[in-house]
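Visitor: Here you go, sequence then predicted model.
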Amino acid sequence: MPDWLHIVVRATSTLVLLFVLTRILGKKQISQLTFFEYVIGITLGDLAGAISTDVEANFGHGVIAILVWCFVPLGMELLTLKSKTLRNWVDGKGTVLIKEGKVLEDNLKKERFTADELLEQLRSKSVFRVADVEFAMLEASGDISVLLKSELQPLTPKHLNMKLVTEKPTQTVVMDGEIQNEPLAAAGKGRGWLHEELDKIGVTIENVFLGQVDTHGELTVDLFDDKLQVPAPSARPMLLATLKKCEADLELFSLTTQHEQAKMMYESCSEQLTKVIQSVTTILRS
């Protein structure tokens with residue numbers, strides 16, 4: 001067998017082997033790596049390259065070495081699931097760098113972190129003042145987790161006592177001009193509804209690159225022809241406007257009627273509708 005063909009066969013076999021082993025090791029190997037996983041990744045890559053191109057080396061021995069470097073770490077991972085002590089020893093543990101707004105210089109030296117590196121990591125988290133940080137920890141993966149002081153944290157609906165609807169995954173119901181039946185069913189919609197919504201905005205299914213149904217059941221589309229302008233969904237704003245019109249009509253009826261009982265009924269309904277409008281305004285405007 002010619003050397004070039006030999007290398008092709010060895011490289012292809014090694015590629016398939018690494019793919020299978022990577023699937024066995026799981027997604028953790030392609031996420032933030034710990035020191036141990038970093039060493040394993042480098043070694044496996046070096047072994048794969050060596051046995052792929054070194055035609056004089058025994059291919060079987062190279063495969064055995066790769067299997068050892070794969071299954072020993074896999075066994076270690078299974079053991080670390082049972083023991084926190086072993087997990088701390090193998091993966092390492094986080095180090096507090098800032099506590100209660102104060103930089104812990106001793107911990108910085110322990111992790112061989114300079115002030116410039118700390119500031120760089122904070123800037124990557126959109127934090128430009130150390131004084132704004134309540135707590136920061138260097139994780140085992142090498143990333144820094146940052147907690148801002150309470151008064152600097154983003155405002156959330158909970159702070160305003162606002163109740164929002166539970167968000168559901170957005171379903172892609174059209175892709176490359178083809179209707180996706182499973183996402184369409186997951187969104188609780190049918191083909192008839194989809195065609196009706198597309199007719200409202202004057203778009204054919206063949207011209208839709210992506211069509212998605214959001215939490216509120218509204219369809220948004222991206223077209224192949226970017227020159228065409230698609231109107232924004234208007235169902236929720238129209239519903240809000242209709243509710244406000246009904247509220248105004250009830251107030252008008254209460255002012256114009258001469259019947260006391262009817263007047264009280266209109267006023268009561270108007271007050272109830274006002275509360276409803278206040279509770280759904282955020283949802284219908286978003």
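Guide: Ah, there it is. Just so we're clear, the structure is a prediction, and the values are computed from it rather than from any experiment.

Visitor: Quick one: distance of stretch 190-201 to the chain centre.
Guide: 29 Å (C-alpha atoms, centre = their mean, to the nearest Å).

Visitor: In terms of secondary structure, what does the host helix or strand of Asp106 contact?
Guide: For Asp106, the host element (DSSP states H and E) is helix 105-110. Using 3 or more C-beta pairs under 8 Å, 6 or more residues apart in numbering; DSSP states H and E as the contact test, the elements touching helix 105-110 are strand 95-99. Heads up, the C-betas are built off the backbone N, CA and C, glycines and all.

Visitor: Walk me through the domains of this structure.
Guide: For the chain, automatic domain parsing gives the domain ranges 3-89, 95-152, 171-233, 236-285.

Visitor: mind checking the end-to-end distance for the last one?
Guide: In this case it means domain 236-285. End-to-end distance of domain 236-285 (C-alpha to C-alpha, to the nearest Å): 7 Å.

Visitor: Let me know the average pLDDT across it.
Guide: Per-residue pLDDT over domain 236-285 has a mean of 86.

Visitor: what does the longest one give?
Guide: When pLDDT is averaged along domain 3-89, the result is 75.

Visitor: picking up where we left off before, following the chain past the helix holding Asp106, name the next helix or strand.
Guide: Heading C-terminal from helix 105-110 (DSSP H and E), you reach helix 115-124.

Visitor: buried ones in that next one?
Guide: Leu118, Gln121, Leu122 (16 or more other C-beta atoms under 10 Å).

Visitor: is it true that the last one touches Leu147?
Guide: So the one you mean is Leu122. No. With contacts counted by C-beta atoms under 8 Å, Leu122 stays clear of Leu147, the gap being 11.8 Å.

Visitor: Now for the two: what residues contact both?
Guide: Counting by C-beta atoms under 8 Å, 6 or more residues apart in numbering, the contacts common to Leu122 and Leu147 are Val133, Ala136.

Visitor: Would you mind pulling the contact partners of the helix holding Asp106?
Guide: Against helix 105-110 from outside (C-beta under 8 Å, 6+ apart): Thr95, Val96, Leu97, Thr114, Ala115, Leu118, Leu138.

Visitor: Apart from its neighbours in sequence, what residue is nearest the last one?
Guide: Nearest residue to Leu138 in three dimensions, chain neighbours excluded: Thr95, at 4.6 Å (C-beta to C-beta, 6 or more residues apart in numbering).
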